[in-house]
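S.K.: Model the structure of this input:
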Amino acid sequence: MTPRIIAVGWFFVLNIQKVIYISICYFGCFSYCQH
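M.R.: From the prediction side, this is the model:
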């Protein structure tokens, strides 16, 4: 694997984790505020 492919792979992995984390945080806070 070339460094570029590895970098792109890590870029997507980190972005996916960030999106999931933000989504869980956002919906969690939204549900919490609804109570």
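
S.K.: Strands along this structure, start to end?
M.R.: Applying DSSP state E to the chain gives no strands.

S.K.: what about Gly9, neighbour count?
M.R.: Counted with other Cβ atoms under 10 Å, the neighbours of Gly9 add up to 11. In this view, the C-beta of every residue, glycine as well, is placed from N, C-alpha and C.

S.K.: Likewise for the one 5 residues further on?
M.R.: Using other Cβ under 10 Å, Leu14 has 10 other residues around it.

S.K.: Gln17 now?
M.R.: Residues near Gln17, counting by other Cβ under 10 Å, number 10.

S.K.: Can you read off the pLDDT for it?
M.R.: What the model reports for Gln17 is a pLDDT of 86.

S.K.: One more: Gln34?
M.R.: As predicted, Gln34 sits at a pLDDT of 65.

S.K.: And for Met1?
M.R.: Per-residue pLDDT puts Met1 at 65.

S.K.: Please shift the residue numbers so they start at 776 in all later answers.
M.R.: Right, with 776 as the first residue, what we last looked at is Met776.

S.K.: Of all residues in the chain, which one is nearest the centre?
M.R.: Lys793 (2.1 Å; Cα atoms, centre = their mean).

S.K.: residues touching it, list them.
M.R.: Lys793 makes no contacts at all, as judged by Cβ atoms under 8 Å, 6 or more residues apart in numbering.

S.K.: What separation is there between it and Ser806?
M.R.: Lys793 sits 20 Å away from Ser806, going by Cβ to Cβ, to the nearest Å.

S.K.: Check Ile791 too.
M.R.: Ile791 sits 22 Å away from Ser806, going by Cβ to Cβ.

S.K.: And Tyr796, by the same measure?
M.R.: Taking Cβ to Cβ, one finds Tyr796 at 16 Å from Ser806.

S.K.: And Ile795, by the same measure?
M.R.: The gap separating Ile795 from Ser806 is 16 Å, by Cβ to Cβ.

S.K.: do the same with Ser798
M.R.: Taking Cβ to Cβ as the criterion, Ser798 is separated from Ser806 by 12 Å.

S.K.: And Ile797, by the same measure?
M.R.: Taking Cβ to Cβ, one finds Ile797 at 15 Å from Ser806.
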